[in-house]
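> predicted structure and sequence below. I'll ask about it afterward.
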Amino acid sequence: MKYSLSTLNKAQYTKAKLEWNQLKPPFSMQHINRCATLAQHIIFFEEKSTYKQGFKPSRTKRLSKYEAQHHIRLIFTKSGAAIFYSNFPKSSGIANTKLGEAPELTIAKARKLTAQMQEGVLNNHTVKTVFNAYEKSLIERHNTAPTKFAASSLKTYQCMLKKLRQHFPLNQSFKSLTAGELEKIIDRIIVAESNTQAIVLFAQIRRVWKFAKNKFNSGKNPATDIDDFYVSDRVESPRPCQAYTDLDSIAELWINLASAPNIHQKNAARFMILTGIRPINIPQMKWEWLNSIDFPTLITFPASVVGVRGEMKNQKEYKLPLTKAMRAIILEQRAWMENALPNCNPTHIFLQPRDVRKPFAKRSLDKVIKDYSPVDAVKGDQRNIVMKGSAGAFCTMCRSFFKSNTKAIMVDNGYHFRHAEELTRLALHHLRKNDDPNGLNYDRSEELFGTSTKLKFNVFKIHEVSILKRAKELESQKMRLTGMQSNQAKNLKENNVKKALRDRIKAYLVYKGSYVNFINQPLGDTGRTTKDLILTAEGRAVVERYLNAQEAKAKNN
């Protein structure tokens, strides 16, 4: 029965509503056309009733019908349109999307489309599903070949993926993301993250899309349409840390470490001072790498296996000859370990102070050296400390000083500059492929005679002697403030300033209840409580200005 929308009455509306409710799936196109007409009448009448009551509809109303068996949702609008959408549950990982409109799209074609989506022929997975699939593939890769894809690499990739999840619309269809939309997301990453992090995450985005293009995006990879230098052209490229120090600072650090509260902190830092090895190598050191437990003279860092970086940065075996002071540190660690067994890690030499079941944390080394170094130990352009290597800038200083100190001593003792350079590179394991391309295959002097170990031992010995000699000379002198002492003094001064301001507020308010109420209420238009403002220098200035104004007002009255 046809009738004009403008003359639609309540009886006709009721009849239309009843017929609407009676139409159930499965639908034919005739049913859909009838639903479109009924929906048009129902929406029109309900909106007209809302207007008569003096209200304006909050949004344009739409009515829906569902074919749950075929994962289809039909939306009917006031204009009489019938629009097909997919309607998969969230647990399926398939993003729901518009399929088309009637009459161009029929119900039969819509059912075929959702079937193809479900079977994976027409992929419409969410970003979340693809990220989860990529992470699962990384885990399988590690489980299948742990020597080629180490646990540490897996953890690094998972951390990057976790960071990406914070920047992507996880419920959006993966295939709907274009190169332009990816660039917008990358722009947000550049603003929110550090320069290095932005470069790393851009590389991770490309890895994800390379993995997903055939499985989830019909062979398309919009990430390759983004310029290779899109991020590097917009951020400052990381540069090696330029921090360095001098002999007096290293000698004072050696002395100050004697007061460290834990033997592992003291010995781990001292061992790095003497050897110049990287922070990552300290927690890796194992008892089985020593040539002797009772009187060790050599520790061997193993070469990497195929596909794994290994213990050393250049992936080659590294033999570290132990001097007298190094051996003393190792033996002191051994004695501690034997007394602590079975309640400690029996594998690694240096352990975490708070949990001796775990190896020493490499990032803790930087804090230990920073705390016990003199406050003015850092030399050079300190702005560069925020660049590459900033997380271990003080550790990098120890490595840098080893090279500088040993090279200078050898040149002073008559070594040719080039020979001194080669020996320091040998000691620090700074070997390059072009140094001796065939040496790996033909040179067996180390295996037969220990040639390189003997040369390295001399380098380490002169470095050790210079540090211990200078430390002995400085023991009787007054030491400079350490980083820890400087921070403690700074904190004490700041706490006194906070206390003085709180005392001034109490004197101004007199009553305890008034004081408590005052510090817990927002001050003026700052939107922050007085209690929070007192914690920073800027906030304290705001409180001071307020008290000054109140005192001036009281005097005028």
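Received the coordinates, thanks. Residues are numbered from 1 along each chain as shown.

> spell out, range by range, the strands that occur in the stretch 1-150 of the chain.
All strands of the stretch 1-150 of the chain, identified by DSSP state E, counting those that start in this stretch, fall at 63-67, 72-76, 82-86, 98-101.

> could I get these as JSON lines with mean pLDDT, distance to residue 192 and mean neighbour count?
For every residue, glycine as well, the C-beta is placed using N, CA and C. Shown next, in JSON lines, are those (pLDDT from 0 to 100; distance: least, CB to CB, whole Å; neighbours: other CB atoms under 10 Å):
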{"stretch": "strand 63-67", "mean pLDDT": "90", "distance to residue 192": "38", "mean neighbour count": "17"}
{"stretch": "strand 72-76", "mean pLDDT": "91", "distance to residue 192": "36", "mean neighbour count": "22"}
{"stretch": "strand 82-86", "mean pLDDT": "90", "distance to residue 192": "33", "mean neighbour count": "21"}
{"stretch": "strand 98-101", "mean pLDDT": "81", "distance to residue 192": "31", "mean neighbour count": "15"}
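
> per-residue confidence at residue 110?
The model reports residue 110 with a pLDDT of 87.

> hmm, it is touching residue 98, no?
No: if you go by CB atoms under 8 Å, residue 110 and residue 98 don't touch, sitting 10.7 Å apart.

> before we move on, the earlier item: can you put the strands of the stretch 1-150 of the chain in JSON lines and add distance to residue 278?
Below are the strands of the stretch 1-150 of the chain laid out as JSON lines (distance: least, CB to CB, whole Å):
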{"stretch": "strand 63-67", "distance to residue 278": "61"}
{"stretch": "strand 72-76", "distance to residue 278": "58"}
{"stretch": "strand 82-86", "distance to residue 278": "53"}
{"stretch": "strand 98-101", "distance to residue 278": "55"}
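
> would you mind finding the longest helix in this protein?
In terms of residue count, the longest helix belonging to the chain (DSSP state H) is helix 483-509.

> then the following helix or strand past that one to CSV, C-alphas only?
As assigned by DSSP states H and E, the chain's next helix or strand after helix 483-509 is helix 512-519. Extracted in CSV, the C-alpha atoms of helix 512-519 (Å, rounded to 0.1, in the frame of the first residue of the first chain):
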residue,chain,number,x,y,z
LYS,A,512,46.5,23.2,60.4
GLY,A,513,43.2,22.5,58.7
SER,A,514,43.5,25.6,56.5
TYR,A,515,47.0,24.5,55.5
VAL,A,516,45.9,21.0,54.4
ASN,A,517,43.0,22.5,52.5
PHE,A,518,45.2,25.1,50.8
ILE,A,519,47.9,22.7,49.5
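
> re earlier: list the buried residues of the longest helix of the chain.
483-485, 501-502, 505 (16 or more other CB atoms under 10 Å).

> of these, closest to residue 473?
residue 485 (21.5 Å; CB to CB).

> not counting its neighbours along the chain, what's nearest the closest one?
Sequence neighbours aside, residue 375 is the residue nearest to residue 485 in space, at 8.0 Å (criterion: CB to CB, 6 or more residues apart in numbering).

> surely the one you found is in contact with residue 484?
No: counting by CB under 8 Å, residue 375 does not reach residue 484; the two are 9.6 Å apart.

> average model confidence for stretch 173-181?
Computed over stretch 173-181, the average pLDDT equals 87.

> can you show me the CA trace of it as PDB?
The C-alpha atoms that make up stretch 173-181 are tabulated as PDB, following Å, rounded to 0.1, in the frame of the first residue of the first chain:
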ATOM      1  CA  SER A 173      41.400  -2.500   7.900                       C
ATOM      2  CA  PHE A 174      45.100  -3.200   7.100                       C
ATOM      3  CA  LYS A 175      44.600  -3.100   3.300                       C
ATOM      4  CA  SER A 176      43.000   0.300   3.600                       C
ATOM      5  CA  LEU A 177      46.200   2.000   4.800                       C
ATOM      6  CA  THR A 178      47.800   3.800   1.800                       C
ATOM      7  CA  ALA A 179      51.300   5.300   1.500                       C
ATOM      8  CA  GLY A 180      49.900   8.700   2.300                       C
ATOM      9  CA  GLU A 181      48.200   7.500   5.500                       C
END
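
> neighbouring contacts of that stretch?
By CB atoms under 8 Å, 6 or more residues apart in numbering, the residues outside stretch 173-181 that reach it are 95, 97, 123-127, 129-130, 212, 216-218, 220, 222-223, 225-226.

> just how off-centre is it within its chain?
A distance of 24 Å separates the C-alpha centroid of stretch 173-181 from that of its chain, computed with CA atoms, centre = their mean, to the nearest Å.

> with stretch 357-368 instead?
Counting by CA atoms, centre = their mean, stretch 357-368 comes out at 18 Å from the chain centroid.

> buried sites along that stretch?
Those buried within stretch 357-368 under the rule 16+ other CB under 10 Å are 359-362, 364-366, 368.

> residues touching residue 344, list them.
Taking CB under 8 Å, 6+ apart, one finds 337, 351, 356-357 in contact with residue 344.

> which of those residues sits closest to residue 294?
Nearest to residue 294 out of the contacts of residue 344 is residue 337 (CB to CB; 13.7 Å).

> any idea which helix or strand carries the closest one?
With DSSP H and E as the criterion, the answer for residue 337 is helix 324-340.
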